[in-house]
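> 3D model of this:
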Amino acid sequence: MKVCTDSCLFGAWVADRVKKQNPAVKTGVDIGTGTGLLALMLAQELLSIQIEAIEIDTNAAMQASENFKASPFTARLTVQHTGMEDYTGKPEFDLVICNPPFYKDDLQSPNDTRNMAHHEADLTLRRLLASMGWLFNERGSFGAILIPYARTDELLKELKRYSLHLVEKMYVRQTPRHPNFRTMVLFSNKKVDKPAIKQMTIKNENAEYSEEFQELLKEYYLAF
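Residues are numbered from 1 along each chain as shown. Modelled structure (predicted):
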């Protein structure tokens, strides 16, 4: 699996927002961790967090496990090779994060593993949010999802279905001339008085990474 710019941005954004909202988070779970990118980014920036990564694909789970063992954060990272339906962990996490299958009703690849990683056939958005809400603790938890911009309204409606509350949504576009293509959403099981709505541009008009992008990613990208 390739490391995508928007996935890196999402991991950095979540770590930044959690540090500002509640830096003392102790437990987190990454649903569909893939090769473990988001879990590793969170472990790097949230120094007291223990993260459990869940991954249904055998090869991806093995790769995530290898990546965790090779990292300085290995003592705080674990992998469960399972799907959400069979997950038996204790549902009391401070943070639940997911970069879910993106595409709904789009033309699929003949490669089943690629379909599982990029399409919604295995885990629908509604089932995902139900699972995320179930994993929250009662004290108050954060959830975070990266979603195609076109599905933002659908996601917000599903949050209400499960009594989950928007904290912040960040629209993402490639350049000032491009339309939004992703939305990063932070939500909670505790009500928020005034959710934040923001806009981020990855590159400026000169095709250089924007200042905001560089500020978020500077702890992860050697080029910055």
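> chain center to stretch 175-190, what's the gap?
12 Å (Cα atoms, centre = their mean, to the nearest Å).
> Just the CA atoms of it, as CSV, please.
Output of stretch 175-190 as CSV, limited to C-alpha atoms (Å, rounded to 0.1, in the frame of the first residue of the first chain):
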residue,chain,number,x,y,z
THR,A,175,-4.6,24.2,-4.8
PRO,A,176,-6.6,27.4,-4.7
ARG,A,177,-7.9,26.7,-8.2
HIS,A,178,-9.1,23.1,-7.4
PRO,A,179,-12.4,22.2,-5.7
ASN,A,180,-12.5,20.4,-2.4
PHE,A,181,-11.7,16.7,-2.7
ARG,A,182,-11.5,15.5,0.9
THR,A,183,-13.0,16.4,4.3
MET,A,184,-11.4,15.6,7.6
VAL,A,185,-13.9,15.3,10.4
LEU,A,186,-13.4,15.3,14.2
PHE,A,187,-16.4,14.4,16.3
SER,A,188,-17.2,13.4,19.9
ASN,A,189,-19.8,11.6,22.0
LYS,A,190,-20.0,14.8,24.0
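> what comes up buried for it?
Asn180, Arg182, Thr183, Met184, Val185, Leu186, Phe187, Ser188, Asn189 (16 or more other Cβ atoms under 10 Å). All C-beta spots, glycine's among them, are computed from the backbone N, C-alpha and C.
> same thing with stretch 196-204?
For stretch 196-204, a neighbour-count test (16+ other Cβ under 10 Å) marks Met200, Thr201, Ile202, Lys203 as buried.
> now stretch 126-135
So, applying 16+ other Cβ under 10 Å, buried residues of stretch 126-135: Leu128, Leu129, Ala130, Ser131, Met132, Gly133, Leu135.
> Show me the beta-bridge partners of Ile97.
On the basis of DSSP bridges, Ile97 is bridged to Asp30, Ala144.
> thought it was touching Leu40?
No. If you go by Cβ atoms under 8 Å, Ile97 and Leu40 don't touch, sitting 11.9 Å apart.
> Thanks a lot, see you next time.
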